[in-house]
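> I would like to see how this sequence folds:
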Amino acid sequence: MLYERFAPYNPLRILFQRLTLILHFRSNTEGQPKKWSPLALVSVLAGGNLATMALRMIGGFMTARVIPPAVYGLFNGLSLIQGYLPFLQLGVLNGLNRELPYYIGKGEQDRVREVAAAAQAWALALGGVTALGLIGVAVWHAAIGKWALAVGWLANAVTAFFLFYGTYYLQVTFRTRGDFARLALINVIQGVVSLILVAVVWWLAFYGLCLRAVLAGCVQVALLWYWRPIKVSPSWNSAQFVHLLRVGAPIFAVGQLYTYWATLDSTLVLYYTGAHGLGLYTLVGMAETTLMLLPQALSQVLYPQMAEQYGRTGDVRAIVRSTFRPMILSFLFMLPVVIIAWLLVPPLIRLLLPKYVDAIPVVQWAVWLPAGMCLSPVINVYSVVRRQRLFATAILLGMAAYYFSLRWLLRSHTDLTAFPQAMLVGKVIFLAAVYGGMAIIFRQARPLPNKLRAE
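Here you go, the predicted model:
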């Protein structure tokens with residue numbers, strides 16, 4: 001191939017190879033990866049995510065400084081489709097997320113490769129079909145002369161493909177083999193690229209936001225593919241597809257219910273306050289996305305380890321106990337971070353983002369949420385032991401508390417601060433229900449033979 005012929009002279013390839021040597025990680029399932037303790041894995045991924053957090057904050061402030069709230073609101077309004085698209089994958093890729101570490105824990109490497117190949121075929125097909133559909137929407141808007149909407153939908157077509165193949169397939173394979181150092185490095189590189197591409201936003205405004213999203217996504221997917229731990233070709237396998245569907249559909253349904261909670265929040269903001277209000281609310285998304293990097297890193301490390309441990313032992317209590325220490329440590333670390341963020345939000349927004357001063361109290365309420373969510377990674381046990389009904393009950397209770405709190409807070413007038421306040425109430429009820437469900441699982445837990453646990 002032409003690429004292989006000139007590979008020795010490719011500086012990007014050389015850079016990748018040198019970074020790989022520095023990380024000292026093997027990238028396939030047949031080899032024995034370097035053993036890292038859970039604390040070390042969390043530290044590596046969280047360290048990379050903290051660097052990414054700083055880059056995102058800088059990039060977000062620089063972008064918001066030059067983009068009016070209405071323009072940001074238009075871009076984020078179109079991007080809401082990304083919150084609904086995962087419904088199309090039907091849970092197959094959620095099944096992969098659970099089964100990869102489970103079969104690795106059982107030592108069934110052939111099964112690991114089979115399910116990965118089948119899931120990759122599904123992700124590529126689904127991403128391609130979805131992208132074509134959104135391209136059709138973009139062409140229609142171009143035909144009627146709405147060029148901004150056409151470009152926005154075209155950008156969503158590209159990022160939709162990245163969503164299915166990059167986020168839902170490639171990134172899941174990293175979570176099963178402990179390649180968290182590489183994943184952290186990928187996050188940092190993507191953050192650097194996004195920061196550099198702020199110049200494009202300054203130059204092209206709304207079109208720059210679209211181009212930035214596409215180019216940053218390209219870099220992320222390229223790195224995920226280059227360093228993918230499971231190097232298998234896509235291969236359709238009906239039996240494995242059905243197996244992943246059976247395992248993943250309940251996990252997916254409940255997981256999407258949780259995801260749609262955030263999407264519903266943004267949709268209600270758009271409904272009650274319009275594009276301008278959603279543009280102001282963009283700062284809430286920036287703050288939460290940045291501060292949630294630590295809880296997400298913790299969950300990302302613990303989930304595959306919990307599934308792998310359950311595949312070996314079937315001991316529910318042990319996998320839950322293993323989450324307590326890292327959760328408490330992350331909560332204690334996050335508390336002063338949140339307090340500092342709460343104090344810095346007003347002067348930073350007034351100094352750097354004067355167009356967004358109305359969002360100050362909204363962001364101050366929102367920054368408290370990530371601290372509480374440091375206690376949430378234990379929710380992974382519901383997917384590991386496949387008790388999705390209990391998890392769905394906790395989510396529905398939290399969503400109900402959020403919705404009725406929001407309606408009560410908006411009873412006299414529309415105020416953006418009502419949305420993060422209602423979300424805090426909902427998440428407190430959700431976490432209380434999650435830990436209540438743990439007590440039910442503990443009471444009903446019984447040791448099962450390996451054969452039964454695999455079914």
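> after whichever strand or helix holds V115 comes which helix or strand?
Element membership of V115, judged by DSSP states H and E, is helix 109-143. Remark: after helix 109-143, the chain's next helix or strand is helix 147-162, criterion DSSP H and E.
> now do that next one: everything it contacts.
74-75, 78-79, 81-82, 85, 127-128, 130-135, 137-139, 141-142, 206-207, 210-211, 213-214, 217-218, 220-221 (CB atoms under 8 Å, 6 or more residues apart in numbering). All C-beta spots, glycine's among them, are computed from the backbone N, C-alpha and C.
> show the buried residues in the residues you listed.
74-75, 78-79, 81-82, 85, 127, 130-131, 134-135, 137-138, 141, 206-207, 210-211, 213-214, 217-218, 220-221 (16 or more other CB atoms under 10 Å).
> what about R321, neighbour count?
Residues contacting R321 under the criterion other CB atoms under 10 Å number 11.
> nope, G145 is what I was after
The burial count for G145: 8, using other CB under 10 Å.
> for A64, same thing?
Neighbours around A64, by other CB under 10 Å: 23.
> so what pLDDT did it get?
pLDDT recorded at A64 is 74.
> that one contacts L283, doesn't it?
Yes. In this structure, A64 is within contact of L283 by CB atoms under 8 Å, at 6.8 Å.
> and the helices in the stretch 301-450 of the chain?
Applying DSSP state H, counting those that start in this stretch to the stretch 301-450 of the chain gives helices spanning 316-352, 360-366, 369-373, 380-384, 388-409, 418-444, 450-454.
> redo those as JSON lines? Include mean pLDDT and distance to S235.
Formatted as JSON lines, the helices of the stretch 301-450 of the chain follow (pLDDT from 0 to 100; distance: least, CB to CB, whole Å):
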{"stretch": "helix 316-352", "mean pLDDT": "87", "distance to S235": "32"}
{"stretch": "helix 360-366", "mean pLDDT": "91", "distance to S235": "44"}
{"stretch": "helix 369-373", "mean pLDDT": "86", "distance to S235": "38"}
{"stretch": "helix 380-384", "mean pLDDT": "82", "distance to S235": "25"}
{"stretch": "helix 388-409", "mean pLDDT": "91", "distance to S235": "28"}
{"stretch": "helix 418-444", "mean pLDDT": "89", "distance to S235": "36"}
{"stretch": "helix 450-454", "mean pLDDT": "43", "distance to S235": "22"}
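> out of these, nearest to G279?
helix 360-366 (11.8 Å; CB to CB).
> so P234 is in which element?
Per DSSP H and E: nothing holds P234, as it lies in no helix or strand.
> and it, how many residues sit next to it?
P234: 16 neighbours (other CB under 10 Å).
> who are the contact partners of it?
Applying CB under 8 Å, 6+ apart, the residues near P234 are 117, 120-121, 124.
> tell me, what's the model's pLDDT at it?
88.
> for the closest residue to it other than its chain neighbours, give its distance to G277.
Sequence neighbours aside, A121 is the residue nearest to P234 in space, at 3.9 Å (criterion: CB to CB, 6 or more residues apart in numbering). From A121 across to G277, the span is 42 Å (CB to CB, to the nearest Å).
> for the closest residue to V137 other than its chain neighbours, give its distance to V284.
Nearest residue to V137 in three dimensions, chain neighbours excluded: W153, at 4.7 Å (CB to CB, 6+ apart). Going from W153 to V284 by CB to CB gives 25 Å.
> residues near A439, how many?
A439: 9 neighbours (other CB under 10 Å).
> residues in contact with it?
Contacts of A439 (CB under 8 Å, 6+ apart): none.
> which strands or helices does the helix holding V115 pack on?
Of the remaining helices and strands, those touching helix 109-143 by 3 or more CB pairs under 8 Å, 6 or more residues apart in numbering; DSSP states H and E are helix 92-106, helix 147-162, helix 238-291.
> try it again with 10 Å
The contact analysis (3 or more CB pairs under 10 Å, 6 or more residues apart in numbering; DSSP states H and E) places helix 109-143 against helix 81-84, helix 92-106, helix 147-162, helix 171-177, helix 238-291.
> skip ahead from the fourth one and say which helix or strand is next.
Okay, so that is helix 171-177. helix 180-196.
> which of the helices and strands packed on helix 109-143 sits closest to S330?
Of all the helices and strands packed on helix 109-143, helix 238-291 comes closest under CB to CB, at 11.5 Å.
> could you give the angle of the closest one to helix 316-352?
Relative orientation of helix 238-291 versus helix 316-352 (axes from the mean of the first three to the mean of the last three CA atoms, to 10 degrees): 40 degrees.
> any weak-confidence spans in the stretch 101-250 of the chain?
175-180 (pLDDT under 70).
> how does it look with 90?
Counting by pLDDT under 90, the stretch 101-250 of the chain shows low-confidence ranges at 101-113, 145-146, 148, 166-168, 171-210, 212-213, 227-240, 246-250.
> could the contacts of P234 go into CSV alongside distance to Y272?
Shown next, in CSV, are the contacts of P234 (distance: CB to CB, whole Å):
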residue, distance to Y272
A117, 46
Q120, 41
A121, 42
L124, 39
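> got a PyMOL select line for the buried ones in these?
In PyMOL syntax, the buried subset of those is picked out as below (16+ other CB under 10 Å):
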select buried, resi 117+120+121
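> so what's Q364 up against?
284, 287, 341-346, 349, 417, 420 (CB atoms under 10 Å, 6 or more residues apart in numbering).
> picking up where we left off before, which neighbours do A64 and L283 share?
72, 349, 353, 356, 359.
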